[in-house]
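Q: Quick one, structure for this:
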Amino acid sequence: QLQLVESGGGLVQPGGSLRLSCAASGDILDNYAIGWFRQAPGKEREGVSCISSSGLSTLFKAAVKGRFTISRDNVKKTVYLQMNSLKPEDTAIYFCARAPRCTTLRVRDYGAWGQGTQVTVSS
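A: The predicted model follows:
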């Protein structure tokens, strides 16, 4: 059974960058699309980006297009979310999860959620 662990969060100033990692164990990562989600205090969890099992297809939430990129290394069993030009509104706990395909960023279509990593964008 696939297990996912997020890392790489932290405190960064507006305009800064962070790279989040989602490390997989327990199953072959190649079998799954992986999505990144975030949840800010008092708000619902929302989809940020996903990447297909091959890495050839991606989706992004409109608010992060052009600032975030997603990539994967199936040999290292890790998916990355590179976040540039960070804004205070990007502050949230970031989670990764798996799905059969990267065709949606709906929370209900994903499973095997990690524990999350905190990202805080503040001066």
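Q: Now do the helix or strand hosting Thr69: which elements does it pack against?
A: Secondary structure assigned from DSSP states H and E places Thr69 in strand 68-73. With contacts defined as 3 or more CB pairs under 8 Å, 6 or more residues apart in numbering; DSSP states H and E, the packing partners of strand 68-73 are strand 46-51, strand 58-60, strand 78-83. In this view, the C-beta of every residue, glycine as well, is placed from N, C-alpha and C.
Q: what pLDDT, on average, does it get?
A: Rounded to a whole number, the mean pLDDT of strand 68-73 is 97.
Q: Same question for stretch 28-48.
A: 95.
Q: Give me the buried positions along the strand holding Thr69.
A: Neighbour-count burial for strand 68-73, counted by 16 or more other CB atoms under 10 Å, picks out 68-70, 72.
Q: For Arg101, which of the helices and strands packed on strand 68-73 is the nearest?
A: Across the helices and strands packed on strand 68-73, the minimum distance to Arg101, taken as CB to CB, is reached by strand 46-51, at 8.7 Å.
Q: Next, the buried residues of that closest one.
A: Along strand 46-51, the positions that meet the burial threshold by neighbour count (16+ other CB under 10 Å) are 47-51.
Q: go on, stretch 53-64?
A: Of the residues in stretch 53-64, those with enough neighbours to count as buried (16+ other CB under 10 Å) are 53, 55, 58-61, 64.
Q: go on, stretch 82-101?
A: By 16+ other CB under 10 Å, the buried positions in stretch 82-101 come out as 83, 86, 90-99.
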